[in-house]
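*Asks:* the following comprises the amino acid sequence and a computationally predicted model.
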Amino acid sequence: MSNTIAQWAAHASQSFSSAQGPAVVASIPLNDRHSAYHTLVQALSSVSDTAISTTSVLSYVSVRNETKDIFASFLVAILKYLQVFSNSSPDAERAIEAFRRLNAVQIEANRLYGMTGSDGGFIHAFMNPFMVMLCRHLIRTAKTAAAVSPHPPRSNLSSRSIRDTTRQTIEKTFQISSSVVSEGDWAASTSHQYLVGDIVWPLANMLWRIYAERKLHTQASGLAKTLGSLTPPENKRVSSRAMSLHQTDLCESYYWRGKLGVVLLDMRNAKFWLDKAWQMCPSDCHQQQRAILIRLLPVNLLLGYSPTMTLLQRYKLGDFMPLLRAFQSGNVVAFRRELLNCRDWYRHRSIWLILYERGEILVWRNLFRRALRLYYNLNPESPKNRCPTWVFLAASQRAFEGSNEVEVGNLAIEDIICVMSSLIDQVSRMSCMAAYFADIPAHRVSSWDIYLIPMLN
């Protein structure tokens with residue numbers, strides 16, 4: 001083994017023995033931005049793959065005896081990864097082989113990271129910064145390899161297999177970081193500089209992004225439950241380790257949980273987490289605030305909260321205004337048209353389904369509310385809980401008049417009763433409106449058309 005490789009192995013082991021996270025990060029060259037990268041790659045070009053072994057590296061490793069063999073295997077995995085870039089193989093082959101070997105580095109790093117002492121505590125928590133950096137580098141390398149992989153779907157080097165392998169490897173790192181810690185052990189270790197639990201949130205954010213890209217909602221829900229059942233609880237971890245955590249990591253974690261609630265049509269949960277993300281987001285992170293607001297706006301709208309024009313203009317979300325006007329005025333036709341015209345934009349941001357599934361029934365509610373208000377303005381002596389159903393039918397017929405919707409000429413009292421039954425299930429304050437369904441002859445409907453014109457315009 002050349003002097004260059006031997007010197008690097010000795011330096012890496014010294015940095016690891018120092019138990020300082022930045023020193024470990026600075027000693028491991030994973031890309032060409034590292035000062036030792038090109039020197040090591042050049043030195044490895046004259047070394048055969050079989051010559052790089054645990055035995056050849058072991059003599060240069062100066063760490064604790066119980067860690068020595070695993071650390072030597074870790075260094076060997078790094079050298080074999082760097083060796084890929086010393087040959088002139090085609091780009092596709094090199095990208096796939098680089099992923100395969102970098103995944104081996106991650107596996108060896110997980111072995112080191114998961115080692116525990118005699119008291120059951122993790123002894124290499126100082127690897128936190130390196131583990132986060134390695135996971136991010138693995139994700140980038142996997143994307144490159146998956147994009148150029150020519151292998152068939154059933155191959156273990158196909159695009160899908162590469163993505164699955166990446167996900168499973170990072171899940172293992174997250175499993176170590178989210179390990180259960182007793183209350184006593186946690187209280188005794190909160191003053192330490194590093195705890196493996198400190199990187200739960202950045203690792204979870206990586207996994208949520210992977211799950212979102214592949215629409216793995218079941219796994220995303222499981223990840224949210226894991227964070228919700230941490231021991232000690234998440235809020236206690238955050239409060240006791242506030243100085244060791246990044247605000248942006250916490251904010252992004254809340255954002256992903258809120259976005260998951262939007263995707264699963266869980267509006268209450270979505271609002272809870274998106275509100276927390278909005279409050280946590282730094283004031284100078286305009287793009288992140290805008291991303292949160294795009295998901296929070298439809299959730300708030302469906303829960304009865306409308307944004308101000310100032311807020312929409314500040315974050316350049318004026319395109320929401322036609323949809324908001326249609327929603328507030330009870331204009332079902334315009335609401336459907338806006339959803340159709342901007343469908344791709346809404347779907348790309350995961351808010352189309354919640355607007356489509358939950359939004360239209362509330363637009364009907366607003367239409368009926370305006371019809372009810374107009375009816376009582378014209379008939380102030382009418383019983384407050386005895387509004388005839390045909391009033392809502394007349395409003396609906398006028399709302400669809402002149403459009404190309406399927407409801408034109410096909411609406412009947414039974415349809416209105418069906419809509420109001422759905423409203424009873426979803427909106428408790430509408431139950432008083434639907435408590436009495438008066439079966440009025442259809443010939444009386446047309447006499448109300450003229451009164452509904454101002455409301456609908």
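*Replies:* Looks like it came in fine.
*Asks:* and the helices in the stretch 201-350 of the chain?
*Replies:* 217-228, 234-240, 247-263, 267-280, 286-302, 309-314, 321-329, 332-341, 343-348 (DSSP state H, counting those that start in this stretch).
*Asks:* and the residue nearest to residue 9 when sequence neighbours are not counted, how far from residue 8?
*Replies:* In space, residue 9 comes closest to residue 60 once its chain neighbours are excluded; the distance is 4.0 Å by CB to CB, 6 or more residues apart in numbering. Backbone N, C-alpha and C define where each C-beta goes, glycine included. Look at residue 60 and residue 8: by CB to CB, to the nearest Å, they are 9 Å apart.
*Asks:* and if you look at residue 333?
*Replies:* Residue 333 is 69 Å from residue 8, by CB to CB.
*Asks:* the two: who's more crowded?
*Replies:* residue 8 (23 against 18; other CB atoms under 10 Å).
*Asks:* what helix or strand is that one located in?
*Replies:* Assigned by DSSP states H and E, residue 8 belongs to helix 3-17.
*Asks:* now that helix, how far from the centre of its chain.
*Replies:* Distance of helix 3-17 from the chain centroid (CA atoms, centre = their mean, to the nearest Å) equals 39 Å.
*Asks:* burial measure for the nearest residue to residue 96 once chain neighbours are set aside, as a count.
*Replies:* Setting aside the residues directly before and after it, residue 96 is nearest to residue 145 in space (CB to CB, 6+ apart), at 4.8 Å. Around residue 145 there are 25 other residues, counting by other CB under 10 Å.
*Asks:* which strands and helices lie in contact with the helix or strand where residue 145 lies?
*Replies:* Taking DSSP H and E as the definition, residue 145 sits inside helix 128-148. Helices and strands touching helix 128-148, by 3 or more CB pairs under 8 Å, 6 or more residues apart in numbering; DSSP states H and E, are helix 21-27, helix 91-113, helix 159-177, helix 200-214.
*Asks:* the nearest residue to residue 46 once chain neighbours are set aside and residue 79: what is the separation?
*Replies:* Distances taken as CB to CB, 6+ apart put residue 2 closest to residue 46, at 7.4 Å, once the chain neighbours are dropped. Noted for residue 2: a distance of 11 Å to residue 79, by CB to CB.
*Asks:* neighbour count winner among those two?
*Replies:* Ranked by neighbour count (other CB under 10 Å), residue 2 and residue 79 place residue 79 first, with 25 against 13.
*Asks:* element containing that one, please.
*Replies:* Following DSSP H and E, one finds residue 79 within helix 65-83.
*Asks:* how about the helices of the stretch 351-457 of the chain, start to end?
*Replies:* Using DSSP H, counting those that start in this stretch, helices in the stretch 351-457 of the chain cover 352-354, 360-378, 389-400, 413-426, 449-456.
*Asks:* quick check: which of these is buried the most?
*Replies:* Counting by mean count of other CB atoms under 10 Å, helix 389-400 has the highest mean neighbour count of the helices of the stretch 351-457 of the chain, with a mean of 23.
*Asks:* ok and that helix relative to helix 321-329, angle-wise?
*Replies:* Angle of helix 389-400 versus helix 321-329, following axes from the mean of the first three to the mean of the last three CA atoms, to 10 degrees, is 160 degrees.
*Asks:* now for helix 389-400, which elements pack on it?
*Replies:* Helix 389-400 packs on helix 332-341, helix 360-378, helix 413-426, helix 449-456, going by 3+ CB pairs under 8 Å, 6+ apart.
*Asks:* among those, which is nearest residue 17?
*Replies:* helix 332-341 (60.4 Å; CB to CB).
*Asks:* can you point out the buried residues in the closest one?
*Replies:* Neighbour counts over helix 332-341 (16 or more other CB atoms under 10 Å) mark 332-339 as buried.
*Asks:* quick check on residue 122: phi, psi?
*Replies:* In terms of degrees, to the nearest 10, the main-chain angles of residue 122 are phi -80, psi 130.
*Asks:* same check, this time on residue 116
*Replies:* phi -120, psi 160.
*Asks:* who touches the residue most central in space within the chain in this structure?
*Replies:* Centroid-nearest residue in the chain: residue 256, 3.2 Å away (criterion: CA atoms, centre = their mean). Going by CB atoms under 8 Å, 6 or more residues apart in numbering, residue 256 touches 204-205, 208-209, 212, 220.
*Asks:* repeat that for residue 17.
*Replies:* Residues in contact with residue 17 (CB under 8 Å, 6+ apart) are 62-64.
*Asks:* most surrounded residue in the residues you listed?
*Replies:* Going by other CB under 10 Å, residue 63 tops these with 17 neighbours.
*Asks:* can you classify it by secondary structure?
*Replies:* Counting by DSSP: H, G, I helix; E, B strand; the rest coil, the backbone at residue 63 sits in coil.
*Asks:* does it really touch residue 16, like I thought?
*Replies:* Yes. Counting by CB atoms under 8 Å, residue 16 is a contact partner of residue 63 at 5.8 Å.
*Asks:* overlap in contacts of these two?
*Replies:* Joint contacts of residue 63 and residue 16 (CB under 8 Å, 6+ apart) are residue 71.
*Asks:* can you pull the pLDDT of residue 312?
*Replies:* Here, the pLDDT recorded for residue 312 equals 92.
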